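> Model the structure of this input:
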Amino acid sequence: MSDLPADHQIILALNITKTYQLDKQQVEALRGVSLTIIRNEFVAIMGPSGSGKSTLMNILGCLDTPSSGKYYLNGKLVSTLSEDELAYIRNKEIGFVFQVFNLLARADAFKNVELPLIYAGASKEVRQEKARQALEMVEIKDRMHHLPSELSGGERQRVAIARALVNEPSILLADEPTGNLDTKTGQEILKLFHKIHDQGNTIIMVTHDREVAAHAQRIIHLRDGLIEKEEKKGDRL
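Below you'll find the model as predicted:
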């Protein structure tokens, strides 16, 4: 594992396994994954369908729990945290971006971005200011009062990213963030990710697309529930 000081590690996973029971069959989605992610790193997790990358993403995002192994987030052993503490982490510490945007159809862009702040109990004044800042950050402030149906796919993904950023999380987890976008729009979203990364966020991006993964500083390749290999940007030049 990494020799970095603990305060540089935002994620430390040790021998993580995950087994699902499907009908009468056990499926080993993860079979002993260990990894370290440091603060302000941009990491891509790659692998074919069934490699375990989405399962790993869900565990790193505290949406699922491992069958065995230890997962430390910001120095805290996740298995010892209460449901309230986990809910706080999912709302405040981690921002989630998905392939399908997951926007509320009847709420405009501003209301969609404001939603996590409502769950966090922020005042109206704080909600409005932070939502405006997040929309400005993703360069879509002029479309804030449009419904998702009135926005393009790229604009909807920008709104989803603004919503993920509005609570100022330290980690952004992105699951196939360009999967529903054309190539040009996907490149614009990746350019936005670089901007977010430059401002201090740690980004973990799951993708099956080699060209998308190439934007990351490090690529972790998963196959059959194991880390097959890792590449760093310097190795790929």
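
> For the lengthiest helix in the chain, list every residue counted as buried.
For the chain, the helix that runs over the most residues, judged by DSSP state H, is helix 183-198. Buried residues in helix 183-198, counted by 16 or more other Cβ atoms under 10 Å: 185, 186, 187, 188, 189, 190, 192, 193, 196, 197. (Glycine included, C-beta is placed from N, CA and C.)

> Same check on stretch 65-75?
For stretch 65-75, burial by neighbour count (16+ other Cβ under 10 Å) applies to 66, 69, 71, 72, 73, 74.

> What score does the closest residue to the third one other than its chain neighbours have for pLDDT?
Using Cβ to Cβ, 6 or more residues apart in numbering and skipping residues adjacent in sequence, the residue nearest residue 71 is residue 78, 4.6 Å away. With respect to pLDDT, residue 78 has a value of 96.

> which residues does residue 78 contact?
By Cβ atoms under 8 Å, 6 or more residues apart in numbering, the contact set of residue 78 is 62, 65, 71, 72, 86.

> burial count for residue 37?
When counting by other Cβ atoms under 10 Å, one arrives at 22 neighbours for residue 37.

> Let's verify it: helix, strand, or coil?
strand (DSSP: H, G, I helix; E, B strand; the rest coil).

> for it, which residues make a bridge with it?
residue 11 (DSSP bridges).

> Now do the same for it: its pLDDT.
Per-residue confidence (pLDDT) for residue 37: 97.

> Distance check, it against residue 107.
Using Cβ to Cβ, to the nearest Å, residue 37 is found at 33 Å from residue 107.

> Need the residues that contact the longest helix of the chain.
Under the contact criterion Cβ under 8 Å, 6+ apart, helix 183-198 has outside partners 40, 42, 137-139, 152-154, 157-158, 161, 165, 172, 174, 177-178, 181, 203, 205, 212, 215.

> Count the residues that sit near the closest residue to residue 207 other than its chain neighbours.
Once flanking residues are discounted, residue 207 sits nearest to residue 213: 5.3 Å by Cβ to Cβ, 6+ apart. Other residues lying near residue 213 total 21 when counted by other Cβ under 10 Å.

> residues in contact with residue 213?
Applying Cβ under 8 Å, 6+ apart, we find residue 213 in contact with 44, 46, 205, 207, 219.

> try it again with 10 Å
Residues counted as contacts of residue 213 (Cβ atoms under 10 Å, 6 or more residues apart in numbering) are 43, 44, 45, 46, 205, 206, 207, 219, 220, 221, 231, 236.
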